[in-house]
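Trainee: I need the structure of the sequence given here:
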Amino acid sequence: MYHELDRLLETLADSVAGFEHVAGHVHQYGFYAFCERRAGDRARLLAALRQKAHALKGRSAPHGTLLGSAHRLLLDLRTALGMNEKAVIEELVRGEAFLIHHIDQYLEAGHCPSEEVWDLVCAIRADVARTLFELEGLLHPVPQSAARRSVRA
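Mentor: Coordinates of the predicted model:
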């Protein structure tokens, strides 16, 4: 039960590190602010879940994975090769999709050691889904004329 919670904490820590990493390497202020906000929000949720896990287990939770570090290295390599903002957003989408899948597996398996942990993991899932929706919007913006038509209809 706690092993799965540790894996989820590791993946969340990777998510925070990923947004912080991207924020440190982007040159467009709006995108930088988006990544900083996402990293801060996710870090607060991660800290709350770590606190619950520590109270339940009596030991500290892990702080990230080798896979997450490799993903950030891939971002660095792609940036060095001239990766554009769209490619960065695609990598963030991929990371968030992986995270939401991992959260769904955790919830479906019924490994939550308490109702408080369940509620917090559900809140984290909602945050990841919102972030994924925002990232998809950055990838595929709706043209202003189409947005106006859909409101008038």
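Trainee: hey, where'd the helices end up in the protein?
Mentor: Under the criterion DSSP state H, helices of the chain are mapped to 2-23, 29-57, 66-80, 85-109, 115-139, 144-152.
Trainee: Single out the most deeply packed of the ones you listed.
Mentor: Each of the helices of the chain was given a mean neighbour count from mean count of other CB atoms under 10 Å, and the largest, a mean of 20, is that of helix 2-23. Placement of C-beta: from N, CA and C, glycine included.
Trainee: Tell me where the model's unsure across the chain.
Mentor: Where the chain drops to pLDDT under 70, the residues are 1-2, 57-83, 144-153.
Trainee: switch to 80 and redo it
Mentor: Across the chain, the ranges flagged by pLDDT under 80 are 1-3, 25-29, 54, 56-85, 87, 111, 142-153.
Trainee: Now Leu139: closest residue in space that isn't a chain neighbour?
Mentor: Once flanking residues are discounted, Leu139 sits nearest to Ile89: 5.4 Å by CB to CB, 6 or more residues apart in numbering.
Trainee: Would you check that the one you found makes contact with Leu135?
Mentor: Yes. Applying CB atoms under 8 Å, one finds Ile89 in contact with Leu135, separated by 5.7 Å.
Trainee: Let me see the contact set for the nearest residue to Leu107 once chain neighbours are set aside.
Mentor: The shortest distance from Leu107 to any residue that is not its chain neighbour, by CB to CB, 6+ apart, is 6.2 Å, and that residue is Val121. When the contact criterion is CB atoms under 8 Å, 6 or more residues apart in numbering, the partners of Val121 are 8, 49, 103, 106-107, 112.
Trainee: which pair in these spans the largest distance?
Mentor: In the contacts of Val121, the most distant members under the criterion CB to CB are Leu49 and Leu107, with 13.1 Å between them.
Trainee: if I pick Ser114, what's in contact with it?
Mentor: With contacts defined as CB under 8 Å, 6+ apart, the neighbours of Ser114 are 52, 56.
Trainee: how near is it to Leu49?
Mentor: Here the criterion is CB to CB, to the nearest Å. By it, Ser114 lies 11 Å from Leu49.
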